[in-house]
Structure formats: C-alpha cells, structure tokens
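# Next come a sequence and a model predicted from it.
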Amino acid sequence: MAAESRHKKNRVRAIVLFCVFSLLFILTVPLIPYAIDAYAVNPGQARVEPLAALEHPAINLWNDVRQRDGRAQGLTQVQGVDAGVLINKAGEDWRQFRMGQLAPYGAWFMGGILGAIVLYYMVRGTQRMPGGRTGVRLQRTSLNQRVAHWFTAGVFWLLAVTGLILLYGRFVLIPVLGSEGFAVTASASKEMHNLFGPLFILGVLSMFVLFIRGNGYNLGDLKWFAKGGGMFGGHVNAGKFNAGEKTWFWLVMIFGTALSASGLILVLAGLGFGREVLSLSHVVHGISALLLISVSFGHIYLGTIGVEGTLDSMTDGSVDAAWAKAHHDEWYSEMTGETSDVQGVAGEEHGDTAGAGMARPDTAG
Amino acid sequence: MFEQLVDGIFWDIALVIFFVGILWRIIDVIRRGTRVDLSAPRGSGMPGAMMANIRGFFPRREIAPRVRMKVIGGYMFHIGLLALLFFAAPHIKFIDEYITGFSWTAMPYWGFVITAQIAFAGLILLWIHRLLHPVTQLISRRDDHIGAVLVFLVMLTGCMALAEISTELRVFHRFTVELLMIYFPFSALMHAFLFIPSRAYSGATFGRRGVNL
Amino acid sequence: MSTPLERGVETLKAQIDARVESYFSSCTGCGVCAEACLFYLESGDPRYTPIYKTEPLRKVWKNEHTVMGKLASGLGMSRPMTEADLSDWEELVYDGCSMCSRCSMVCPVGIDIAYLIRKTKEGLAAAGFVPEGLQTAGERALEFGSPMGLTEKSLRNAISALEKEEGVSIPIDVEGAEYLCMLSSAEVVMYSEYISALARIFEAAGVTWTISSKYFEATNTGVQKGDSRLARQLLERVVDVATELKVKTLISPECGHAYTTFRWDGPNILGREFPFKVVHILELLDQLRAEGKLKTTGSFDERLTYHDPCNICRRGGVLAQPRQLLNQFATNFVEMDEHGDMNWCCGGGGGVSSNERAEPLRLKVFNIKKRQLEALNVSTLVTACSNCRTMLEEGLEHYDMENVEVIGLTELIADHLE
C-alpha cells in the first residue's frame, strides 16, 4: 500500500512536471528566432538608446501650461472625465514612480526575500519530522479546498509571470529579444494577464469561503510570533493553522482584493475612470503584486522543501501524525483526542485516508 | 518560412487527417456491428436510444451532489469552448474564408472575453480535479492529459494573439490548432462524436427492457 | 496447450463488438461511475471504480483496435500484457462487483459498464481466474443441475414435505400446463414458503402450472462466472424441459439474475428465440391482479419498505409491479430514498454471494443498505429475490438490526389472499 501510494504520487508529480515544462517549452521556443535576430543585428548593443538631453526652446511656456506645480482643471463644454484638463501629468507621475521606485525597489525586495530564503535553507536545511514518519495519516484538507488552492495558485503564477514581463521586460527582455520580439511578448502577456485576471478573483473568493474557518487570529498567535514560529529552533504550539499561515491567508485576502479591484479598474478603463484613478490603481496593483509574489516565495518554500511533509496536505489531503504533532499540536490533539505528549497512535491502516471514521471517501465534488 | 508551412501544407495535412480520421473512427465502430437482440422487447429501442442521448446531458439526482464540480466545470468548459469556436469574430472570419464561404453574427468583444474566461476556468478546474481525485488519479491515462494540455495550449495561444497585432502569434495559434487536429482522431477526444452511438446503444438496450437510461 | 494468459486474451479479443469499441473510445476517465458504485463508496478504494474493473478488456481493445495502441506495441513502446493483468483483476471483478449496473445509469457518455464487466469476466473465466466458491458452484450446477448440489430426489422430498405441512398441492411434470415454474435452490432449501405461496395463489387464480423434476434450477452460474459455454449448457436444459412439457410461459422465480438470464440474455446466449414466453413471478402476479384473478384481503399495517433486486428492476424493467401489488394491502409502505431504477444493491449479486472470500467486503458495503433502513425505521423489509433475501438477513444480523424482518413478496401476498 505504501509502495502504491508513493508510486501514485510520483506519477502525479511526473504528469504535472511534464505539463508545466511542455507549456514553458512551447511558449519560449518560438521566441528563439527573435533572440537570435536581436543578437545578430546588434551584437552586444541590443539596448534602447537613451534620448540625448536637449533644451527645448519653449520649455518655460510648456512648464506653465502643464502646471507642473499642481493640477489645473479648466472649464469646458466637452463632457467626459478629465475633459477639463489640458495636459494631464498624472500619467507621467505614475511613470516616474514605476521606473524610479516601483521597479527597482520591487526587484530589490523580491531578490532580498529570495536571498533570505536561500540563506535560511543553507543554514537550517529541510525541517524534518521529529521521529520520522509514523505512517498514521490525519485528514487535513478536503478535495474542494485542494482544487481551489491549486486553481488560485496556478492562475496567480500565470498572472505573476505575465505581470513581471510587463514590468521588467523593458530591462530584462529587450536586450535579449530586441524591441520587436519584446513587442510580441508584451502583447501576448498583456492579453493573457487581462484574461486571467478575473479568474484570480474567482480563486480568491473561493479560498476565502473554503479556508476562513480556522484562520481567525487568537492570543496564542502572539506567542507563536514571539517564538519566531519555531523557525529558529524550539517548539511552538499551534492550532489547525499557525499564525504564519493565518497571516499569509489575510495578506492574500487583503492584497488579493486590492489586486482584483485595481485590476478591474485598469482593465475596464473604458468605463470612464479618470487618469488619476487609473494611476492610483496602477500603484496599488504594482505594490500588491510585488508584495504577494515575494511572500509567496516563502509560502512555496515552506510548503515544499522547507518543511518535510507539508506538501502532502495539498496533494494527498492528509498529513502524517508526526508532522501534525510537531507543527500543529493543538490541532493534532483535537483530531485524535490525545495530548501531543503521548507517543504512537493505536494501529490504523497505513496509507488510508482514514480520519475520524468517515463513512464515505472525502472526494465528493 | 514557418508561417508559410503553417498556413499552407500543415493546414492541408491537419484538415485531411482530422476529417478522414474522425469519419474512419465512427465507421470503424459502427461497421463492427452488434448481434440482433433475440429477446422479446418490452419497449422500443429507438426512443430509448434518442432519450438516452438527451437525458445523458443531465446528471442523475441521486449522484448529482457528488459530481457537482465535474458537471459544472465540464459544462463551463464545453459550452465556453463551443461558443468561442463558432461565435468569436476571428474564427467566423476564418471559417468563412477557408471552409464554409458564409458567415454569421459574432459575439461582442466583451462576450468573447467572458466566454473565454469561463472556458479556461472550467478546463483548469477539471484538470486540477483530475489530478487530485483518487479515482481519476488511477484511471486517467497519458491520452487524457495530453488532450487537456493540447486544448489548453490552443486556447492560451489564442488568448495571446487576441490583440491581432502580430502575425507570429496568429501563426503560433494556428500551429497548435493543427497539432490538436492531428491528435484528435486517435485520442479520447473522439468522445465528442462517439458519445452519441454509445448513449444510443445503451439507451436502446435499456429501453427494450422498459428502463429509462 | 495454451497458457492462461493466451486463453484469456483470445477470449477477450472475441468479446469486442461495436458496443465495446464505442464505449472504450468514448471514455474520458472522468470517474463519475465511481460515485455510483457501492463498492467504491463504502470502501474508499479507487480500484473498485467500475471502469477500472474493465482494464483487462480495455488493454486488449487498445492493443488490437487502436492506431496508437498498435503503433505503441509495434514499436515496443508499450508494456505487453502479462498474466498479472488478468489475475490481479479477479478480486476486483468477482469480489468487488455485483453487476448491479448502477454505473451504467450514470455514465455521462452512456457506457454500459456492467456490459463491459460481463465481457471482462469471460476472459478471466477462460484464463481460470475465478473465485473458488463460484468455480465449485458452477461444477455442481453442471453435474447436479443445482449449484447447491440438490438432486431430483432431494427436490421431490422437499416438495412432498411441503405439501404435507402446508396442505397444498404442487404439480410436478404436468404436460400442457400454462406455466412452468423455475426455482432457485435457495428457495427449495431455505425459502420454501415461496413455493407453497405459489400453490395457494395459483389455485385461487385458477392457473395451471408445474415444476419440472428433470431440471428445476433457475440460477445460472455460467452467467455469474462469465462462462458463456456453461451458461449455454445450463440454459439448454431449461429450454429442453420447457419444450418437453409444452408450456406457454416460463416463470422466473424470486431470483435476480435468473430473470435477466431467461428474459433478456437467454435467447442471445443460445442464439435463438425461445418457443415460450418468459415472465417474472411479480409480472404474472400483477397481471392476475389487474385481471381480477388475484384478490387480497386485510391489511398489513407494519411499517415496511421494498428492496428492489437490481436484476429485476434496473436490469429487468420490473419496477411498478411490486409496488402495485404491495399497495393492495400494505397501509404503511415507505420507499427508501434511493429506490427503483437507482436502488442500492444488497451487495451479493453477480456471484458475490457464492464467493466466501468476498464476505468481509460484502458486509462492509452493506452499510449503505443499513443507513437506508435506519433512516426509514421500518420493521419489515420486503424483497423479491432469494439471494437478496439471504444477503439482507446476513447483513442485518451482522449489524444487530434483528428488529427488521425480511420477507418475500410472493409469500406476503399469499398471506393476504382472499
């Protein structure tokens, strides 16, 4: 039975990896001709030439017209949003922010988090289950929860990759693909990003409904934070979801909602939002995205190589009792009626998804 | 060069394999025949066959709660894809030019986008469900996954080409379509046509016994 | 001498017809069939998924009849079939499937999965991968005419004892009678009240009937085992005695698969139409009721429900008759939530009851029936199949539900005869 479920897990992993890699392969291979073109035409020089700084003869006039010191709203017969603004500088404000702060600081933030994770892994390694796997399983997530999670995660990553291409492509991809190649990539990314965005809203909503129970903060969470979540040694008590997981849940809810709202405003710009609303939405969208992407690195790390046995809860739906005792002792006690001090659980069948004596498999839906 | 191949010879090959392949599969099933049923019928087979084809679209009340995600995801994907295929403006234009010679009213752009989202959501939900449910983990074959990935790629490349500003993206989309057309007759995707005789055979058998499938 | 694998594969190849081709070509591996199967739902083991049980047949179809399959095996890219591909399925097909056909009712693309399982059994039986209990039942059926080993002498003894005890007359070998009553050995040995009930009902209705001493057995182990040759041999005996006795109609008794075998599959197994009609006893009783020849009196007031035997309702088409009959006198008749064409199987059909190895699994899946009964809180459970009856009684005893009495419908009707 153990060999069978390992074999099954490997099979599923192989299928997922095959599909992900074939997707990546097929999407990047067509861009190779562009890369070759770009390199062949301008070897070592496939860069955007910066504009030379020139002094415009009427610069003072135009500075006044643009009212760089403030926003001038005129009176006009034309109906429509922003119709009374002669030359709108809100977009330029956004562009400055994007190029000067969002992109570079975002890159540093993402890189910093990634680096911290790598460092942590090099020092701490994979956190193993004390005493090793017992073979006794506890049901942790339902099929619906797992489907919702992977749906949201998959859509999130599609949006993250296309979004990052749109934000950083100018710096990272134009040198490789050339301007024409990047134009194609950017157009494709924008279309994908716009289409999949609303699916993310579906995902966040379903995650809220399916995971809200157990994700409310309580006083014990303060203790968890105080002890660093056990990440630097020692044992911390935790219920079904620990304070870290709860924080990730609420971050996703808050910033996911921010992403969704700002994203909808941006994609429905045609409905008549003003330039300032759109610029603000862009700022919110960018910051929320970079924040969530960065924290997701931590989430993915902890859920895969960081802590042994965690991924099971999202693939199989059940976790090993030793994992539960080590990381969620209060939840373990609730499920088994034992305190975590007691060693070993009276023999249940290995490999089955038996929780508290279910009459039917928990796979409805 | 690639563009010429995709718009030219690849398309011809794919079209032939698609239509001939499907026809051949259907004929191959039917020509094998079934033995005449010698028992005295209680009801008639033909109405049974037709009703099974119609009733098959609705899950039975007794199992409906257990298969909700499969049914909802399934309909989202199938109806969405059908609508996209036949009512999206670029597709109608293509069909008019290369196949039928006539066209019909297209969906508005916003309708196209929403339909695509529904179709994508359905397909992704179904595929994730297939990977996580212990039953489908056991009975799914390579064929099922390849079919899902191919259809997803066709839809994704279509989405990528939506702005209609790039020849390369359009060609890429058409290329994935041709791959799907070549794969189609040899795969489980044939259920798109063979569900009709399958439901008919079963419906007729049960109908003769007086049971509504 | 061919190997089990060779025999199995050759037999499976011969099973492939248009229906098999259409079904396997349409299957998308959606898994909806599992959600209707009592073996999967109660055990939680995905190997009992109905379409998975047909793997041996599907593999042969794939290798022989599909371009991808032929290409893969030609290029040496697919794993060739081994004996394990057959033997590993013995438990799934014979212990974990009662051929109830619930799966066939729910498949979105209309696959009659029970039909495919029946054909898969042919391959397993040819290869010799059949549970011991079923194998010996088949041998006894061939030798004695009864899977329980009942001889003509035992039958005659049982009949005369019944006639004395109940004061009824049971005609044997009467030529020219309207009806020939077939019996299951279980009815002779355990539920002989069915036979005396028949005698009383037919006398009141003025119907001529007879039993055959030469061959009385209604059950067909060949069908349960998936052995068409044995099925044919046993059926020939029935047709012979029915023809000899010149009866107009053959009555299939309170037995599930006997009805589908006689009424629906029989002519096709033998390759010719029967020279007589076939009815289930419930069909005949309802017909007599409609003609005014079967009158009941009094009422049965205890809370009761009716268990539909799969082969009679879903696979046989006899759904309304038992209800019409019960409603003549039952005043407190409640239906189980899933009844009629979507009933839950007792777990013992398709040869599972003859298979001792399957008992733990069978009792486990009985939980579905147990929950149905607990929800209704009945004191009486009526059914019309002696195999179901045995399974129900065993299950109720196992779960300490002995407050529920199981009774046959014919017997109950006879108790209320005018």
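Structure received. Residues are numbered from 1 along each chain as shown, chains lettered A, B, ... in the order given.
# what about the closest residue to chain B within chain C, which SS state?
Checking chain C residue by residue against chain B with Cβ to the nearest Cβ singles out C:G110 as nearest, at 3.0 Å. Bear in mind the C-beta positions are built from the backbone N, C-alpha and C, glycine included. Under the three-state scheme (DSSP: H, G, I helix; E, B strand; the rest coil), the conformation of C:G110 reads as coil.
# Ramachandran coordinates for it?
In this entry, C:G110 is assigned phi and psi values of phi 80, psi 30 (degrees, to the nearest 10).
# One more: C:D45?
Recorded main-chain torsions at C:D45 are phi -90, psi 110, according to degrees, to the nearest 10.
# ditto for A:V136
Note on A:V136: backbone dihedrals following degrees, to the nearest 10 are phi -90, psi 130.
# and if you look at C:D400?
Backbone dihedrals for C:D400, given as degrees, to the nearest 10, come out at phi 50, psi 50.
# tell me the secondary structure for the nearest residue to A:Q73 once chain neighbours are set aside?
Beyond its immediate neighbours in the sequence, the residue positioned closest to A:Q73 (Cβ to Cβ, 6 or more residues apart in numbering or on different chains) is A:G84, lying 4.8 Å away. Here A:G84 is recorded as coil under three-state DSSP.
# which residues touch A:G84?
For A:G84, the set of contacting residues under the criterion of Cβ atoms under 8 Å, 6 or more residues apart in numbering or on different chains consists of A:73-76.
# Do I have it right that the residue of chain C closest to chain B meets B:A52?
Yes. Using Cβ atoms under 8 Å, C:G110 is in contact with B:A52, at 5.7 Å.
# Now do the shared contacts for those two.
When contacts are counted by Cβ under 8 Å, 6+ apart, C:G110 and B:A52 are jointly contacted by B:199-200, B:202-203, B:213.
# residues near A:V319, how many?
Other residues lying near A:V319 total 25 when counted by other Cβ atoms under 10 Å in any protein chain shown.
# repeat for A:F25
Taking other Cβ under 10 Å as the criterion, the count of residues near A:F25 is 9.
# quick one: it from B:M181, how far?
According to Cβ to Cβ, to the nearest Å, A:F25 stands 21 Å off from B:M181.
# ditto for B:N212
Separation of B:N212 from B:M181 (Cβ to Cβ) stands at 37 Å.
# next one: C:I51
With the distance defined as Cβ to Cβ, C:I51 ends up 27 Å from B:M181.
# For chain B, give me its nearest residue in chain A.
Scanning chain A for the residue nearest chain B gives A:A188, at 3.6 Å (criterion: Cβ to the nearest Cβ).
# nearest spatial neighbour of that residue, skipping sequence neighbours?
With Cβ to Cβ, 6+ apart, the residue lying closest to A:A188 is B:M160, at 3.6 Å.
# on that earlier part again, identify the residues contacting the residue of chain A closest to chain B.
Applying Cβ under 8 Å, 6+ apart, we find A:A188 in contact with B:160-161, B:166, B:169.
# Disregarding residues adjacent in the polypeptide, which is nearest to residue 204?
Using chain A. Spatial nearest neighbour of A:V204, excluding adjacent residues (Cβ to Cβ, 6+ apart): A:G256 at 4.1 Å.
# wrong one, I was asking about chain C
Using Cβ to Cβ, 6+ apart and skipping residues adjacent in sequence, the residue nearest C:A204 is C:L417, 5.6 Å away.
# contacting residues for the one you found?
C:200-201, C:204, C:294-297.
# Tell me which residue lies nearest the centroid of chain A.
With distances taken as Cα atoms, centre = their mean, chain A has A:I293 as the residue nearest its mean C-alpha position (3.9 Å).
# Against which helices or strands is the helix or strand hosting it packed?
Secondary-structure element containing A:I293, defined by DSSP states H and E: helix A:275-301. On a contact count with 3 or more Cβ pairs under 8 Å, 6 or more residues apart in numbering or on different chains; DSSP states H and E, helix A:275-301 meets helix A:90-97, helix A:103-124, helix A:143-172, helix A:243-267.
# For the helix or strand just after that helix, list every residue counted as buried.
Stepping forward along the backbone from helix A:275-301, the first helix or strand reached (DSSP H and E) is helix A:312-315. Taking 16 or more other Cβ atoms under 10 Å in any protein chain shown as the neighbour-count basis, helix A:312-315 is seen to contain the buried residues A:312-315.
# do helix A:312-315 and chain C meet at all?
No. Helix A:312-315 lies apart from chain C when judged by Cβ under 8 Å from any Cβ of the partner chain; the minimum separation is 15.2 Å.
# Can you give the strand pairings for the following helix or strand past that helix, parallel or anti for each?
Stepping forward along the backbone from helix A:312-315, the first helix or strand reached (DSSP H and E) is strand A:318-320. Taking DSSP bridges as the criterion, strand A:318-320 forms sheet pairs with strand A:137-139 (antiparallel).
# What is the distance between the partner strand and the centre of its chain?
Computed by Cα atoms, centre = their mean, to the nearest Å, the separation of strand A:137-139 from the middle of its chain amounts to 27 Å.
# From the centre of the chain, point out the most distant residue.
The chain I'm using is chain A. Checked against the mean C-alpha position of chain A, the extreme residue using Cα atoms, centre = their mean is A:P57, at a distance of 48.0 Å.
# Oops, wrong one, chain B.
Relative to the mean C-alpha coordinate of chain B, counting by Cα atoms, centre = their mean, the farthest residue is B:A40 (37.1 Å).
# Then chain C?
The centre of chain C is farthest from one residue, C:L75, which by Cα atoms, centre = their mean lies 43.7 Å away.
# Rank the helices and strands of the chain by mean pLDDT and give me the bottom one.
Went with chain A since none was named. Sorting the helices and strands of chain A by mean pLDDT, DSSP states H and E puts helix A:32-41 at the bottom, at a mean of 69.
# I'd like the next helix or strand past that one.
The helix or strand immediately downstream of helix A:32-41 is helix A:59-66, counting by DSSP H and E.
# Excluding residues flanking it in the chain, which one is nearest C:D308?
Nearest in space to C:D308, with sequence neighbours left out and distances taken as Cβ to Cβ, 6+ apart, is C:N343 at 4.0 Å.
# State the distance from the residue in chain C that chain A sits nearest to to B:R42.
The minimum distance from chain C to chain A, using Cβ to the nearest Cβ, falls at C:G44 (4.0 Å). Taking Cβ to Cβ as the measure, C:G44 and B:R42 are separated by 38 Å.
# What of A:Y105?
For A:Y105, the distance to B:R42 (Cβ to Cβ) stands at 78 Å.
# More neighbours: the two, which one.
Remark: of A:Y105 and B:R42, B:R42 carries more neighbours, 16 against 12, as counted by other Cβ under 10 Å.
# Give me the more crowded residue out of B:N212 and B:M181.
Summary of the neighbour comparison: B:N212 and B:M181, criterion other Cβ under 10 Å, with B:M181 having more neighbours (22 against 16).
# Which secondary structure element is home to C:V406?
When secondary structure is defined by DSSP H and E, C:V406 falls within strand C:405-408.
# tell me which strands and helices that strand is in contact with?
Applying 3+ Cβ pairs under 8 Å, 6+ apart, one finds that strand C:405-408 makes contact with helix C:193-205, strand C:380-383, helix C:386-398.
# Swap in 6 Å and give it another go.
Contacting strand C:405-408 under the criterion 3 or more Cβ pairs under 6 Å, 6 or more residues apart in numbering or on different chains; DSSP states H and E are the following elements: strand C:380-383, helix C:386-398.
# since we're on C:V168, how many residues are nearby?
By other Cβ under 10 Å, the residues close to C:V168 number 18.
# Next, the contact list for it, please.
Taking Cβ atoms under 6 Å, 6 or more residues apart in numbering or on different chains, we find C:V168 in contact with C:196, C:199.
# Quick one: residues in contact with the lowest-mean-pLDDT helix or strand in chain B.
Ranked by mean pLDDT, DSSP H and E, the helix or strand of chain B with the weakest confidence is helix B:2-7, at a mean of 90. The set of residues external to helix B:2-7 that reach it, using Cβ under 6 Å, 6+ apart, is B:171, B:174-175.
# so which of these comes closest to chain C?
The closest of the contacts of helix B:2-7, once distances to chain C are taken by Cβ to the nearest Cβ, is B:F175, at 21.7 Å.
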